[in-house]
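S.K.: Requesting a structural model of the entry that follows:
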Amino acid sequence: MRHWQAMNSTIEIRVDDLSGDATRALITAHLHGMHDSSPPESVHALDLDGLRHPAVTFWSAWIDGRLAGIGALKRLDAERGELKSMRVDDRFRGTGVGRALLRHIIDVARERGMASLWLETGSTDEFLPAQRLYESEGFVQCGPFEDYVLDPYSIFLTRAL
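M.R.: Down below sits the predicted model:
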């Protein structure tokens, strides 16, 4: 468990077992949001079963006992990880929760010996804040990786660690 500071609040980030109602509700909201903004074949968000895969570590971020955000790291191989399921609860958008989660995941990936992180995010206007966050933390656009294919609804980013 780690603590981060954002907007005069302490953010507690901890590994989450996906059993809590608040966590499950935010994952459901995340999946609904992805399906509302992209056609089904362009939605790559993991459901609960996907987030329980042994290659995935899932975190939740909490402020004053309230769930503020979620994020996950999927090990692709010994040197590469993929950022998955980044979502900040609407009540906490713009407070630094997303940046704290992202930096936490970057730190953990480094500790695990990974040399790079990869991610897919949406290309439409709803995803501009996420794109700006990733780019501000050193991610650069790249082509599809792993099983992804070129898709007008997706952009792909990577960052060396």
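
S.K.: Quick one: neighbours of Val140, just the number.
M.R.: Close neighbours of Val140, defined as other Cβ atoms under 10 Å, add up to 11. For every residue, glycine as well, the C-beta is placed using N, CA and C.

S.K.: who's in contact with the residue nearest the centre of the chain?
M.R.: Nearest to the geometric centre of the chain sits Met86, at 2.4 Å (Cα atoms, centre = their mean). Contacts for Met86 (Cβ atoms under 8 Å, 6 or more residues apart in numbering) come out as Gly69, Ile70, Gly71, Ala72, Gly98, Leu101, Leu102, Leu119, Ala130.

S.K.: could you point out which element follows the lowest-mean-pLDDT helix or strand in the chain?
M.R.: In the chain, no helix or strand scores lower on mean pLDDT, DSSP states H and E than strand 2-6, which sits at a mean of 58. Once the chain leaves strand 2-6, the next helix or strand it forms, by DSSP states H and E, is strand 9-15.

S.K.: What are the buried residues along that next one?
M.R.: Within strand 9-15, the residues that qualify as buried are Ser9, Ile11, Glu12, Ile13, counting by 16 or more other Cβ atoms under 10 Å.

S.K.: Stretch 134-143 now?
M.R.: For stretch 134-143, the neighbour count (16+ other Cβ under 10 Å) marks Tyr134, Phe139 as buried.

S.K.: again, but for stretch 147-161
M.R.: Asp151, Tyr153, Ser154, Ile155, Phe156, Leu157, Thr158, Arg159, Leu161.

S.K.: what's the span of it from first residue to last?
M.R.: Terminal residues of stretch 147-161 are spaced 22 Å apart (Cα to Cα, to the nearest Å).

S.K.: ok so, going back, can you list which of the buried residues of stretch 147-161 are found in strands?
M.R.: Ser154, Ile155, Phe156, Leu157, Thr158, Arg159 (DSSP state E).

S.K.: sorry, back to before: so which strand or helix has the residue nearest to the centre of the chain?
M.R.: strand 80-88.

S.K.: and that strand, average pLDDT?
M.R.: For strand 80-88, mean pLDDT is 96.

S.K.: Next SSE downstream of the biggest helix by length in the chain?
M.R.: With secondary structure taken from DSSP state H, the chain has its longest helix at helix 21-37. Using DSSP H and E, the helix or strand that follows helix 21-37 in sequence is helix 48-51.
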